[in-house]
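> Mind looking at a prediction? Sequence and model below.
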Amino acid sequence: MSLPGLVLSLADNKQLLGLRYAEWATRAPSLEADIAAAAMGLDDLGHSRVLYGCLEPLGEDPRGPERESDPGANRALPYFDRPWTSWPQFVAANAVLDTAFTVMIEACVEGDVEVLRTRLRKMLSEERYHFLHGRSWLKSGIDEEPLLDAWCQAVEWFGPPDGDVAELHKQGALSRGPGELVARLEERLERTAPRLEIDWSGWDPERRRGRPGTIDERTFGMLRGLEEKRFYPAGA
Amino acid sequence: MTDRQLNRVHGSVRQYEVFARKLRAEPLKLIGTVVAPDDDLAAAYARATYDEERWIEMAIVPRDSMTTLWAPGEDAE
C-alpha cells in the first residue's frame, strides 16, 4: 500500500473512532466522562478532516466513487463496525487503538514527508489528553475481552513485519516499522501486548484488517450525510 | 459534595480545582472543578470541560492539597 493509502486508513479510523466516542457523550459512567467522550469525539473528527486534506498534497487520493455506495470501501477496523455496547469497549479503544493511531502519527511526524511532518504535529498535543483519559480508565480495570480485541486489531493495523509499513519505514516516510510501532505502543501503555498469533494470509492490505465486515448501515448513512457536497447549492 | 457522591464511579476520587488564564499579564484564576481518581484523568477532564476559551495556561490542584487558612464563617485570626 502507498503512503496515501495508509493515511486514508488512518483518516477513516479516526473518523469512526470520533463517531463512536460521540455516541457515548450521554452514556459514560459520569458527567465528566460524558464531556470527555464528546471532546475526544470532536478532536478525532477534526483529525480525520486534516488527514483527508493531506491526500491531495501527497499526490494520490485513493478515494473512489465506490465509497458513496459501498460501506466495504471504508477502511476502518472491525472494532468500529458496530456501536459499542459497553464502557469497557470504549476504554479499550481509547487506550489501545487511539494510542496506536497516535503512535503512527508520531512516526509520520518524525518521517521525511513534509506535508505530514507539518500538518499532523498539532494532533499529538491534543492526543495527549486522550491518552491520559484512556490510560487512567485502563488502570481502573476493564474486561479482558475488548482489551484483547483492541490489541489484536492494533497489531494487525500496523501490518505484517515485511509489509507496506516496513517498506515506508525503509524509505524514510515513517520513523518506525511495524515491530517498533508495537514496542512504542507497549511503552506508552506501560504494558506488554498479549501473545498474539496473527494469520496474515487472510489480512486485507487495503483495509488493514483480518476480518471481513463493514460498518453498520446507520453509521454509513451518517457518514455520507457528513459529506460537504450535501451543502452545495442545488444544481452545482 | 459528599464523599459518597464523589465516589460514585471510582472507588476513590479527589476533587481538583481548575485554574487558567488568557493573558500572561493576568494571574491564574479559579474557573471550576473536576472530580477524578488520579491526576491523569483530572487533566483530561479539565481540558475537556473547560477548553472552550483560548487559555494560555491551565493547571489543576487537588482540593485536599490546598491549605485552608480559614473557611466561610470562621475568623481570620
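That came in fine, so what should we check first? Residues are numbered from 1 along each chain as shown, chains lettered A, B, ... in the order given.
> For the rest of this, base every contact and every neighbour count on C-alpha atoms.
Fine.
> Let's verify residue B:53: helix, strand, or coil?
Look at residue B:53: counting by DSSP: H, G, I helix; E, B strand; the rest coil, its state is coil.
> One more: residue A:234?
coil.
> tally of neighbours for it?
By the measure other Cα atoms under 10 Å in any protein chain shown, the count of residues near residue A:234 is 7.
> Which strands or helices does the longest helix along chain B pack on?
As assigned by DSSP state H, the longest helix anywhere in chain B is helix B:39-50. Helices and strands touching helix B:39-50, by 3 or more Cα pairs under 8 Å, 6 or more residues apart in numbering or on different chains; DSSP states H and E, are helix A:31-55, helix A:121-139, strand B:29-36, strand B:57-62.
> okay, the angle between that helix and strand B:57-62?
With axes from the mean of the first three to the mean of the last three Cα atoms, to 10 degrees applied, the angle from helix B:39-50 to strand B:57-62 works out at 130 degrees.
> could you check the angle strand B:29-36 makes with helix B:39-50?
Per the same axes, to 10 degrees, the angle that helix B:39-50 makes with strand B:29-36 is 130 degrees.
> what's helix B:39-50 in contact with?
A:32-33, A:35-36, A:39-40, A:129-130, A:132-133, A:135-137, B:16, B:18, B:31-36, B:60 (Cα atoms under 8 Å, 6 or more residues apart in numbering or on different chains).
> what about burial for the residues you listed, which qualify?
Using 16 or more other Cα atoms under 10 Å in any protein chain shown as the burial test, these include A:32-33, A:35-36, A:39-40, A:129-130, A:132-133, A:135-137, B:16, B:18, B:33-36, B:60 as buried.
> can you list the helices and strands packed on helix B:39-50 in CSV and add distance to residue A:110 and mean pLDDT?
Converted to CSV, the helices and strands packed on helix B:39-50 look like this (distance: least, Cα to Cα, whole Å; pLDDT from 0 to 100):
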stretch, distance to residue A:110, mean pLDDT
helix A:31-55, 16, 96
helix A:121-139, 9, 95
strand B:29-36, 34, 96
strand B:57-62, 27, 97
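> Number of residues surrounding the nearest residue to residue A:196 once chain neighbours are set aside?
Among residues not flanking residue A:196 along the chain, residue A:152 sits closest, at 6.8 Å (Cα to Cα, 6 or more residues apart in numbering or on different chains). For residue A:152, the count of nearby residues is 21 (other Cα under 10 Å).
> helices and strands around the helix or strand harbouring residue A:152, which ones?
Using DSSP states H and E, residue A:152 sits in helix A:144-158. The contact analysis (3+ Cα pairs under 8 Å, 6+ apart) places helix A:144-158 against helix A:87-92, helix A:178-189.
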